[in-house]
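Chemist: I need the structure of the sequence given here:
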Amino acid sequence: SITCQNSESSDCSSLSDMAGPYHIGAKWSGKLKVDIDENYEIRVECNDGGHVSITIDGVYEPWQTCWPYAIASVSVAAEQVDFVLQYKNYEGNDPFVTAVIPSSNLLYKETIGDTFFPIIYPGSAYAPLSNAIGDSLHHAVSGVEQEFLIETRDIHGNLLLNGGVGVKSHIVSNNATIETRLEDNGNGTYAVHYNASVSGEYDLSVEVGDLHTKGSPFVLTVRPGRSDSETSILTMDKDGLGVTGAPLRSRLQTRDFYRNVRYQGGDKVIAYLSAVETPSEKYLCQVDDNDTGTYLIECPSQWEKGLYLLDVSIESSAGIAEPLKSGPFNVTVVAGPAAAS
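Modeler: Numbers count the residues shown, from 1 in each chain. Predicted coordinates:
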């Protein structure tokens, strides 16, 4: 606010275009910002017989009474523009009274956009304070789509509000490279998608421009996916040659869809042994989970020599027993050594 005595004060020369004596005047100035280009109506209300003039972005609205309110209809662009409000009261007994009108005496009847609240925009992207978020920066499962988020920030740590920044992400190991797909969300964040097929450890880097973001590069561990009956491998002792009276042993190594060797157990493995001549007679085999992705299968001893079939299945997540791709497996049982009489 400014202090005015009368029209002879040089500080109040801009208020002297209205005829008649006055004894007090004030001027408020600042910035006005709205969200969209539009025509707006500015209303100013005062509780006395004063007058106001409004100037917005160089467009001057002449003096008018502000009781019950003064109105200015203007077209405002969605950018910061200059805003000036002038007030004067020419009624009173003493034309030489000096007074200061505090800004709190101005009644803000209606708020338009961010008229009275400044908007601070972030600066340019600054890699050391930009960051990546998500568990997929460190852990993934082969064959499962993964996603993490990149936040671009300025040198003060403010999140950028727009996209278009040069953001990159690479995932590499000594044996493989994982392709990434970047999605610009248009709000300063970027979604990164990837689908790993080869298990193992990788270096996952996130860069803004040519510089690493905070925490980059990350150590990414890709675990094998679910056991797959199409790629898992069964190995039989003595290549399927058995002896009467002795148990038949086999070893199953589980692998996922991409042929990654699994090193965790927990699968339900089912195995049956049946004679070729009597396939309806099935003998349930014992399966021991080694909890390393391998399973030891032991079928009961057979006392009749001949040809047999070994069926091995892995139960799927849907509860369906899926047989190994190369099964059933041929087993030949021969007579053991003659017993001493």
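Chemist: so for the residue nearest the centre of the chain, what's the pLDDT?
Modeler: What sits nearest the mean C-alpha location of the chain, by CA atoms, centre = their mean, is L149, with 3.7 Å. Per-residue pLDDT puts L149 at 96.
Chemist: where's it, which helix or strand?
Modeler: strand 146-151 (DSSP states H and E).
Chemist: next one: that strand to chain centre, how far?
Modeler: 5 Å (CA atoms, centre = their mean, to the nearest Å).
Chemist: partners of the helix or strand hosting D203 in the sheet?
Modeler: Using DSSP H and E, D203 sits within strand 200-208. For strand 200-208, the pairing partners within the sheet under DSSP bridges are strand 167-172 (antiparallel), strand 211-212 (antiparallel), strand 218-223 (antiparallel).
Chemist: quick one: buried residues of the last one?
Modeler: Right, the one you point to is strand 218-223. 218, 220, 222-223 (16 or more other CB atoms under 10 Å). For glycine as for every other residue, the C-beta is placed from the backbone atoms N, C-alpha and C.
Chemist: now K325: closest residue in space, sequence neighbours ignored.
Modeler: Of all residues not flanking K325 in the chain, E230 sits nearest, at 4.7 Å (CB to CB, 6 or more residues apart in numbering).
Chemist: now S229
Modeler: Per CB to CB, 6+ apart, closest to S229 is E322, 4.1 Å.
Chemist: which residues touch that neighbour?
Modeler: 229, 313-316 (CB atoms under 8 Å, 6 or more residues apart in numbering).
Chemist: then I56?
Modeler: Taking CB under 8 Å, 6+ apart as the contact definition, I56 lies against 32, 42, 72, 74, 76, 81-84.
Chemist: how about those residues in TSV, adding distance to Y60 and secondary structure?
Modeler: Formatted as TSV, the contacts of I56 follow (distance: CB to CB, whole Å; DSSP: H, G, I helix; E, B strand; the rest coil):
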residue	distance to Y60	secondary structure
L32	15	strand
I42	13	strand
A72	10	strand
V74	10	strand
V76	15	strand
V81	13	strand
D82	11	strand
F83	12	strand
V84	9	strand
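Chemist: quick one on the thing from earlier: any idea how far the closest residue to the residue nearest to the centre of the chain other than its chain neighbours lies from F218?
Modeler: Using CB to CB, 6+ apart and skipping residues adjacent in sequence, the residue nearest L149 is I133, 4.7 Å away. For I133, the distance to F218 (CB to CB, to the nearest Å) stands at 11 Å.
Chemist: how about S199?
Modeler: 17 Å.
Chemist: kindly report the same for I314.
Modeler: Distance, I314 to F218, by CB to CB: 33 Å.
Chemist: before we move on, back to that, list the strands paired with the strand holding L149, with their directions.
Modeler: Strand 146-151 is paired, per DSSP bridges, with strand 131-133 (antiparallel), strand 189-194 (antiparallel).
Chemist: most tightly packed of the ones you listed?
Modeler: strand 189-194 (a mean of 19; mean count of other CB atoms under 10 Å).
Chemist: any idea of the mean pLDDT in that strand?
Modeler: 96.
Chemist: centre of the chain to it, how far?
Modeler: For strand 189-194 - counting by CA atoms, centre = their mean - the centre lies 7 Å from the chain centre.
Chemist: now swap in stretch 322-338 and tell me
Modeler: Using CA atoms, centre = their mean, the offset of stretch 322-338 from its chain centre is 52 Å.
Chemist: give me the buried positions along stretch 329-338.
Modeler: 329, 331, 333.
Chemist: again, but for stretch 41-61
Modeler: For stretch 41-61, burial by neighbour count (16+ other CB under 10 Å) applies to 42-44, 46, 50-56, 61.
Chemist: can you pull the contacts of A125?
Modeler: A125 touches 152-154, 160, 165, 208-209, counting by CB under 8 Å, 6+ apart.
Chemist: on that earlier part again, the residue nearest to S229 bridge partners, please.
Modeler: Bridge pairing for E322 - DSSP bridges - gives I314.
Chemist: pretty sure the residue nearest to K325 is touching F257, no?
Modeler: Yes - at 7.5 Å, E230 counts as touching F257 under the criterion of CB atoms under 8 Å.
Chemist: which of the contacts of E322 lies closest to A127?
Modeler: S316 (45.2 Å; CB to CB).
Chemist: give the contact list for that closest one.
Modeler: S316 neighbours (CB under 8 Å, 6+ apart): 229, 322.
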